[in-house]
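>>> Output the structure for:
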Amino acid sequence: MKKKLASAIVATALVCSFSTSVFANDVVIPPPSDKGGVITPMEVDKEWGSKLDDGRSTSVRSFRINDNYGHLKLRMVNYSQHSVTVTLEHTNSNFVYFSKTISGGGSLDWKNWDEGFSQGMASGSYVLTWSAGNNDVNGEYWGKAASQTKDF
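Residues are numbered from 1 along each chain as shown. Here you go, the predicted structure:
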């Protein structure tokens, strides 16, 4: 009986040592890629945004698009009950990328590649102007720039 018990204890210890040694080894899983394990890093610039509720009928916010980050996505939300006109201008060239009206309580998602600027936008300084006519601007916007449209 003692011999059978000792054999059972040794067998159990042996099985446990095998199973822990299998799990103790690190398993390396190569990254998924169709380019031989090389992953191209995403180049996404910082995100930014601002509330526009300063009690004025026109509010202006500025931002900068850095070199190599020529694709832009903007999300604009109008919290007021009145329509606002939002204009995006590149200040270095005075080029107006858009001037759009957002209805009261509405929103607008703007992506340069969907609006005819598939090659990207110029780097430099931009102004986003919100105009509400005789009413106060009350809204918010968020922006993000990236090197490629697939980075969003």
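
>>> For stretch 71-86, buried residues please.
71-74, 76-80, 82-84, 86 (16 or more other CB atoms under 10 Å). The C-beta positions use only the backbone N, C-alpha and C, and glycine is treated the same way.

>>> so V137 sits in a strand?
No: according to DSSP: H, G, I helix; E, B strand; the rest coil, V137 belongs to no strand; its state is coil.

>>> isn't it right up against S131?
Yes: in this structure, V137 is within contact of S131 by CB atoms under 8 Å, at 7.4 Å.

>>> Quickly list what's touching both of those two.
Residues within reach of V137 and of S131 at once, by CB atoms under 8 Å, 6 or more residues apart in numbering, are 57-58, 84.

>>> Can you list the residue ranges for helices in this protein?
Using DSSP state H, the helices of the chain run over residues 2-24.

>>> Could you list the low-confidence segments of it?
Low-confidence segments of the chain (pLDDT under 70): 1-44.

>>> And the strands in it, which stretches?
Residue ranges of the strands in the chain, as given by DSSP state E, are 44-52, 58-65, 71-78, 84-90, 95-102, 107-111, 124-131, 139-146.

>>> The first one packs against which elements?
With contacts defined as 3 or more CB pairs under 8 Å, 6 or more residues apart in numbering; DSSP states H and E, the packing partners of strand 44-52 are strand 58-65, strand 139-146.
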